[in-house]
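Trainee: Need the 3D shape of this:
(one chain, ligands or ions: 1)
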Amino acid sequence: MNPYRYSLAYAQELDRDDHLRRFRNRFYFPKVNGHEVIYFCGNSLGLQPKAAKDYIEEDLKIWAEQAVDGHFDSPKPWFTVHKRGKEALAHILGAKEEEVVAMNSLTANLHALMVSFYRPKGKRTKILTEAGAFPSDMYLLESQVKYHGLSPEQTIVEIKPRAGEHSLRTEDILAAIRQEGEELACVMMAGLQYYTGQLFDMEQITKAAHEQGAVVGFDLAHAVGNCPLELHSWGVDFAAWCSYKYLNSGPGNVGGIFVHERHANNAQLPRFAGWWGHNESQRFNMEKGFQPMSGADGWQMSNGNVLGMSAHQASLDIFLEAGMPKLREKSLLLTGFLEYLIREISGDSGMLEIITPADQEQRGCQLSLLIHKGGKAVFDDFYKNGIVGDWRNPNVIRIAPTPLYNSYEDVYRFAKVLEQSLSKFT
Ligand SMILES: *Cc1c(COP(=O)(O)O)cnc(C)c1O
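Mentor: Coordinates of the predicted model:
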C-alpha cells in the first residue's frame, strides 16, 4: 500500500524522477562546519535565490545613472513597481491581478484591511479566530477590538481543538461560526496554522461565515507559496501575507494583500488612505479629495520599496516558472516521504508525535513534531548534524521540506540523524 521505502537508493531514485530538481541550484545554501546544511526552515525564512542580487543591481544601476528619472523614464519605471509582481501573485493566490498587490508588511497590512472590513455594529461585533494564533495576530485582534471601544475578552472568540487533539476539526469551526450567528462580524484566522501546520478549509469557512452575514479574512503567512489557494473562487473577502517565508524574498521584505473583486470599487469602505492608493492619473495633481484606485491597489499607502520589490520579483519569477500545481504535487510526495520515515523510525518509542494532520489535504509541507523525550537536546542534536529546522516552545520542532529547493535525499539524511538521536534520547 505504502509507496515509500527507507533507503538511500530509493530517495535518489525519487530525485532522478523529480522534474523540479533543477530549481535547487537557483538558491544559496548556508554552511555549517564547511558543509551545506539540510535546510528545512523555509517556513521561517526562505533561502536566497541567486538571481536576487542581479535583480537588485538592475535597480541600483538605474538609481545611480538616472536617479529621480528612474520613476518614469527607465526600462522598468518605479512608478509602476507594484505591478511587477501581479502576474505571479495572482497565480500563487488563485486571484485576479486587480485583487492582489505587494505592499507594506504583513501585520501592517492586516491592520489596514481590518479598518475596512471589521465594522462592528449593534450586536454584530465578534471576531472568530483559532486559539494559539501567531502572537502578532493576537495583538492585532486585541488592539483592533479596543480601537472600537470593545472588550477583547467578550469580543474575540477562539476555537480550540477537542480535548486530546492537536488540530481543529472543520466541523467544529463551522459549528462555532453558526453558533455566533448574528453576533459574528468577522472571521480572521490563519490559512495554515504556524505551530501545528494544519491547513484550514478556507472555502468552507468562507461559505459558512458568509451565510451568517460576516466577512472573512485570512493570514496566509504560512500558506502562500506552500499550498494551493483559490481566493477568488472561494469568495474570501480579504487576505494578507509576508514574502520572506515560503516566498523566499528576503528578511522582512514586502508583504501583500488580496481584496476580493466584489469590494474593488466600494469607495464607501472606510480606509486609512495614502497617495499611492489614489487615482493613478490624478496622483501627481497633489489635490484634496481621495479617490481610491479600483481593486487592491486602492489600499496602497506609500510608494513601493523598489529594492525589496526587486528581490521579491527574483523569487516570484521562479514560482511562475515552476508553477503551483507542480510544486504542490512534489510537496505532497516529499512531505509524505518525511512522514513515512519519521513513523518508521520513531515507531512506538514514545519519543515524538507528529501533531500535523495525517490527511495531506489538511497540511502544507511542514510537519510539527511534539518531542516527548529529550526536549530541546534533540533539536540541538539535529543542528549539530547539519539540519536546520526550528524549535518552538514548549516542545515542538517544525520541519518544512520545500519542493523548490529540498530533495528526497535531504529527507533521507534527516531520517538517519533522527535514528541516531532516537538511540541517544530514549
Ligand atoms: C510570520 C508571521 C507573521 C509575521 O508578521 P510580520 O508583520 O511580517 O512581522 C504574522 N503572522 C503570522 C501568522 C506569521 O506566521
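
Trainee: List the contacts of the spatially closest residue to H222 that is not a sequence neighbour.
Mentor: Of all residues beyond its chain neighbours, the one nearest H222 is L192 (4.1 Å), with distances taken as C-beta to C-beta, 6 or more residues apart in numbering. Using the backbone N, CA and C atoms, a C-beta is placed for each residue, glycine as well. Going by C-beta atoms under 8 Å, 6 or more residues apart in numbering, L192 touches 198-200, 220-223, 226-227, 363-364, 366.

Trainee: let's go with 10 Å and repeat that
Mentor: 43, 198-200, 202, 218-224, 226-227, 229, 246, 356, 362-366 (C-beta atoms under 10 Å, 6 or more residues apart in numbering).

Trainee: Tell me the confidence at G374?
Mentor: Per-residue confidence at G374 stands at 87 (pLDDT).

Trainee: likewise R283?
Mentor: R283 carries a pLDDT score of 88 in this model.

Trainee: And M1, by the same measure?
Mentor: Confidence score, pLDDT, at M1: 51.

Trainee: my guess is S315 contacts Q48, does it?
Mentor: Yes. The pair S315 and Q48 passes the contact test of C-beta atoms under 10 Å, sitting 8.9 Å apart.

Trainee: So which of those two has more stuff around it?
Mentor: It is S315, of S315 and Q48, that has more neighbours when counted by other C-beta atoms under 10 Å, with 29 against 20.

Trainee: per-residue confidence averaged over the longest strand that the chain contains?
Mentor: Longest strand in the chain by number of residues, with DSSP state E as the criterion: strand 184-190. Model confidence over strand 184-190 averages 98 on the pLDDT scale.

Trainee: tell me which strands and helices that strand is in contact with?
Mentor: Judged by 3 or more C-beta pairs under 10 Å, 6 or more residues apart in numbering; DSSP states H and E, the packing partners of strand 184-190 are helix 106-117, strand 126-130, helix 135-147, strand 156-159, helix 170-180, helix 202-211, strand 215-219, strand 238-241.

Trainee: Now do the domain split for the protein, please.
Mentor: What the record gives for the chain is the domain set 8-36+324-425, 56-321, from automatic domain parsing.

Trainee: what's the most buried one of those domains?
Mentor: Per residue and on average, the most neighbours among these fall to domain 56-321, with a mean of 19 (mean count of other C-beta atoms under 10 Å).

Trainee: Any idea how far apart the tips of it sit?
Mentor: When the termini of domain 56-321 are compared using C-alpha to C-alpha, to the nearest Å, they are 20 Å apart.

Trainee: wait, does that domain make contact with the ligand?
Mentor: Yes. Using C-beta under 6 Å from any ligand atom as the criterion, contacts between domain 56-321 and the ligand involve 105-107, 134, 136-137, 190, 194, 219, 221-222, 242.

Trainee: From the chain's centre, how far out is that domain? Work that out for me.
Mentor: Between the centre of domain 56-321 and the centre of its host chain there is 11 Å, according to C-alpha atoms, centre = their mean, to the nearest Å.

Trainee: any low-confidence regions in the protein?
Mentor: Screening the chain residue by residue with the criterion pLDDT under 70, one finds the ranges 1-2.

Trainee: Going by residue numbers, what spans are helices in it?
Mentor: Taking DSSP state H as the criterion, the chain carries its helices at 8-16, 52-66, 86-93, 106-117, 135-147, 152-155, 170-180, 202-211, 231-234, 306-322, 324-346, 376-384, 408-425.

Trainee: List the residues that contact the single nearest residue of the stretch 251-400 of the chain relative to the ligand.
Mentor: Taking C-beta to the nearest ligand atom as the measure, the point where the stretch 251-400 of the chain comes nearest the ligand is G255, at 6.1 Å. For G255, the contacting residues are 102-110, 220-221, 224, 240-244, 247, 249, 312, taking C-beta under 10 Å, 6+ apart as the criterion.
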